[in-house]
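# Predicted model and sequence follow; I will ask about them next.
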Amino acid sequence: MIERSVKIELAQGLAARPAAEFVKRAASFTSSVHIGKNGQFIDAKSILGVMSMAFSRGEELILQVDGADETAAVESLVELLSKEGL
């Protein structure tokens, strides 16, 4: 399992469109993917879960990935969250 802290650089945080892109990308991997803050974690492949966490720009989240393609998943998701556009 890989666990990484990531600062959200997306202009809107994980609002509707960025959250949908994040969930779509997380779902493209076979590994289990969870994100969280303040000790609360959700399935990153659930749009409702991601939206319910209300992640904002500049906020730190914890990304937990476990599975066969965990390294590729972490790299891809960190790259997405670090974009200033989207």
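Sure, I can see it.
# The residue of the chain most remote from its centre: what's it in contact with?
Going by Cα atoms, centre = their mean, the residue of the chain most distant from its centre is A68, 17.8 Å out. Counting by Cβ atoms under 8 Å, 6 or more residues apart in numbering, A68 touches 30-31. No exception for glycine: its C-beta is placed from N, CA and C like everyone else's.
# how about it, secondary structure?
Here A68 is coil, with the state taken from DSSP: H, G, I helix; E, B strand; the rest coil.
# Can you give me the distance of it to G36?
Distance, A68 to G36, by Cβ to Cβ, to the nearest Å: 22 Å.
# A strand includes R25, no?
No - if the criterion is three-state DSSP, then R25 is helix and not within a strand.
# That one touches L80, doesn't it?
Yes - R25 lies in contact with L80 (Cβ atoms under 8 Å); the separation is 5.8 Å.
# Excluding sequence neighbours, find me the nearest residue to I42.
G49 (3.6 Å; Cβ to Cβ, 6 or more residues apart in numbering).
# Report pLDDT for that neighbour.
Predicted confidence (pLDDT) for G49: 95.
# Look up phi and psi at it.
phi -60, psi -50 (degrees, to the nearest 10).
# What separation do you get for it and A27?
Relative to A27, and taking Cβ to Cβ, G49 is found at 12 Å.
# Compare the two (neighbour count), which wins?
G49 (17 against 14; other Cβ atoms under 10 Å).
# May I see the buried residues of stretch 22-29?
Neighbour-count burial for stretch 22-29 flags 22-23, 25-26, 29 (criterion: 16 or more other Cβ atoms under 10 Å).
# Tabulate those residues (CSV), appending pLDDT.
Shown next, in CSV, are those (pLDDT from 0 to 100):
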residue, pLDDT
F22, 96
V23, 97
R25, 97
A26, 98
F29, 98
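# Hmm, the residue nearest to I42 is touching Q40, no?
No - the pair G49 / Q40 is not scored as a contact, 10.3 Å apart, by Cβ under 8 Å.
# Which residue, other than its chain neighbours, is closest to S82?
E9 is the one closest to S82 (Cβ to Cβ, 6+ apart), at 5.1 Å.
# so what's that neighbour up against?
By Cβ under 8 Å, 6+ apart, the neighbours of E9 are 57-58, 81-84.
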